[in-house]
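In: quick one: sequence and predicted model below, then my questions.
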Amino acid sequence: MNGTSNQQTHPRTWLITGATSGIGRELTLQALESGDVVSALARDTAPLEELTEVHGERLLLVPADVRDEQAVREAVERTLARFGRIDVVANNAGYGLFGAVEEASDAQTRAVFDTNVFGLLNVLRATLPVLRAQRSGHILQGSSVYGQSAHPGVGLLAATKHAVEGLSDALAAEVAPLGINVTIIQPGLTATPFLANLDVAPGLADYDQTVREVQKGIGELPASAFSAAARIAAGIRTAVDSPNPPLRLALGTSGATGMRAALEARIADLDSWKRVTDAVDR
């Protein structure tokens, strides 16, 4: 594939959503420090204004909500007007919803899908025509350990990340002949404002022994259980720099261990029920 690589001869142009905090902010900082240029999208870009004093015209701040398709298209147009191309699309915007599947309201569920899935699709629809015309580019799809696993309390969050992974599997195969790479980013627990910004569903007592116990356990985790956002961003940049980037990139050993256990459990079910599976063909 011809996508962005360490053979790049010009400064790469990054379009980063959710750019004002956590992994998105670190990606913005590291891309700029490496000599690349960045179009940083967020609902409120004020937290990044100080960076324009250092990086000047190499940083474009674009207030845009990924849920607003027209705003995203206008952001892409502004990016092209400033930088002329887009090399890396970091689909990073998202937030979490915690609670039992039954506890989450319809409004809460639709809201988290609007940002984590439909917002991501808005970004893809706006940027893919650019990447296809260039016959190059690298799309970074924001998933997490919950794109391959789930436990009590994260069912709806995991549903959004599973959706991202499913569409990204297809997308990667669709755009590979066009010179475009896709990497699904799967961080484990990360030291960002993500947990502090969780939407929490009202509780039902029947789920205290499952959902609330998980919530309590997460709250008692030591700081050492959370990966630094800067290291996550550095891992992402390593994949972008590679001439052969992965389709999936796990970042953090605890998350990778959890995903491996989930995958092995699926294989165990396939093997255990093979007789019933095969009987359908007879």
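Out: Nice, thanks for sending it over.

In: give me the number of residues near Arg110?
Out: Arg110 has 11 neighbours, counted by other CB atoms under 10 Å. For glycine as for every other residue, the C-beta is placed from the backbone atoms N, C-alpha and C.

In: and it, how far from Ser143?
Out: Arg110 is 20 Å from Ser143, where distance means CB to CB, to the nearest Å.

In: and if you look at Thr160?
Out: Taking CB to CB as the measure, Thr160 and Ser143 are separated by 9 Å.

In: now do the shared contacts for the two.
Out: Any residue near both Thr160 and Ser143 by CB atoms under 8 Å, 6 or more residues apart in numbering counts here, and not one turns up.

In: where do the helices of the stretch 51-200 of the chain begin and end?
Out: In the stretch 51-200 of the chain, the helices defined using DSSP state H, counting those that start in this stretch lie at 69-83, 106-113, 120-134, 155-175.

In: nearest to Leu270, of those helices?
Out: Closest to Leu270 of the helices of the stretch 51-200 of the chain is helix 155-175 (CB to CB; 18.0 Å).

In: what inclination does the closest one have with respect to helix 120-134?
Out: Taking axes from the mean of the first three to the mean of the last three CA atoms, to 10 degrees, one finds helix 155-175 and helix 120-134 inclined to each other by 10 degrees.

In: what about the stretch 151-282 of the chain, any weak spots by pLDDT?
Out: The model of the stretch 151-282 of the chain has pLDDT under 70 over residues 191-197.

In: swap in 80 and give it another go.
Out: Where the stretch 151-282 of the chain drops to pLDDT under 80, the residues are 190-198, 222-226.

In: return the distance of stretch 173-183 from the chain's centre.
Out: Distance, stretch centre to chain centre, for stretch 173-183: 17 Å (CA atoms, centre = their mean, to the nearest Å).

In: now stretch 226-236
Out: Here stretch 226-236 shows a centroid-to-chain-centroid distance of 13 Å under the convention CA atoms, centre = their mean.

In: likewise for stretch 87-95?
Out: On CA atoms, centre = their mean, the centre of stretch 87-95 falls 6 Å from the chain's centre.

In: now do stretch 18-30
Out: With CA atoms, centre = their mean as the basis, stretch 18-30 stands 12 Å off its chain's centre.

In: repeat that for stretch 86-94.
Out: Stretch 86-94 has its C-alpha centroid displaced from the chain centroid by 8 Å (CA atoms, centre = their mean).

In: so for it, mean pLDDT?
Out: For stretch 86-94, mean pLDDT is 97.

In: start and end of it, how far apart?
Out: 21 Å (CA to CA, to the nearest Å).

In: now the helices of the stretch 51-200 of the chain in CSV, with distance to Leu27?
Out: Below are the helices of the stretch 51-200 of the chain laid out as CSV (distance: least, CB to CB, whole Å):
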stretch, distance to Leu27
helix 69-83, 15
helix 106-113, 22
helix 120-134, 14
helix 155-175, 17
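
In: to Ala19, which of these lies closest?
Out: Comparing those against Ala19 with CB to CB, the closest turns out to be helix 69-83 (11.0 Å).

In: what does the closest one rub up against?
Out: Helix 69-83 has contacts (CB under 8 Å, 6+ apart) with 13, 15, 37, 39, 41, 57, 60, 62, 64-66, 86, 119, 122-123, 125-127, 130.

In: what about it, average pLDDT?
Out: Here the average pLDDT along helix 69-83 is 98.

In: now do that helix against helix 120-134, angle only.
Out: Helix 69-83 runs at 40 degrees relative to helix 120-134, counting by the same axes, to 10 degrees.

In: centre of the chain to helix 69-83, how far?
Out: Chain-centre distance of helix 69-83: 20 Å, with CA atoms, centre = their mean.

In: list the buried residues in that helix.
Out: Buried residues in helix 69-83, counting neighbours by 16 or more other CB atoms under 10 Å, are found at Glu69, Ala71, Val72, Arg73, Ala75, Val76, Arg78, Thr79, Leu80, Phe83.

In: would you turn those residues into JSON lines with distance to Thr190?
Out: Below are these laid out as JSON lines (distance: CB to CB, whole Å):
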{"residue": "Glu69", "distance to Thr190": "28"}
{"residue": "Ala71", "distance to Thr190": "27"}
{"residue": "Val72", "distance to Thr190": "25"}
{"residue": "Arg73", "distance to Thr190": "30"}
{"residue": "Ala75", "distance to Thr190": "25"}
{"residue": "Val76", "distance to Thr190": "27"}
{"residue": "Arg78", "distance to Thr190": "29"}
{"residue": "Thr79", "distance to Thr190": "26"}
{"residue": "Leu80", "distance to Thr190": "31"}
{"residue": "Phe83", "distance to Thr190": "28"}
